[in-house]
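Student: Here is the input, now give the coordinates:
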Amino acid sequence: QVQLVESGGGLVQVGGSLRLSCAASGRTSSLYGMGWFRQAPGKEREFVAAIAWSGGRRYYLDSAKGRFTISRDNAKNTVYLQMNSLKPEDTAVYFCAAALRIVVLTRPHEYDYWGQGTQVTVSS
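Tutor: Numbering: from 1, shown residues only. A predicted model of the protein is given here:
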């Protein structure tokens, strides 16, 4: 089992920044990768960014490239999502997820564990 606890969401104005954190506990020695996804009302859950736990290869949604940065702290078993130049369309509940197997990290159904989500609202 892996437990994930997200933090860092909130209300921010257009162009602002937020940093999300996701702390993992439990079977963290088995982590293959961690990712961030988001879901807006009435929409499907969408991949945002992911990082391989060993090696640190990163993956991004096209619209997040250049604005969002995913990083990890292996010692703290924590993954971060730094979000800059936020837009109203970034408004959603953001979820972190953990994969314990070799999977395609951009696919939400490949993940094994999910956090409870944190709301990000970008106001214009």
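
Student: Tell me which residues of stretch 90-106 come out buried.
Tutor: Using 16 or more other C-beta atoms under 10 Å as the test for burial, stretch 90-106 gives 90-100, 103, 105. Placement of C-beta: from N, CA and C, glycine included.

Student: Name the residues linked to the closest residue to Tyr111 other than its chain neighbours by a beta bridge.
Tutor: With C-beta to C-beta, 6 or more residues apart in numbering as the criterion, Tyr111 has its nearest non-adjacent residue at 3.9 Å, and that residue is Ala97. For Ala97, the beta-bridge partners under DSSP bridges are Gly35, Trp114.

Student: if I read this right, Ala97 contacts Gln116, doesn't it?
Tutor: No - counting by C-beta atoms under 8 Å, Gln116 is not a contact partner of Ala97; they are 11.4 Å apart.

Student: so what's the residue nearest to Tyr111 up against?
Tutor: With contact set as C-beta atoms under 8 Å, 6 or more residues apart in numbering, Ala97 has these partners: 4, 34-37, 108, 111-115.

Student: Nothing else from me, thank you.
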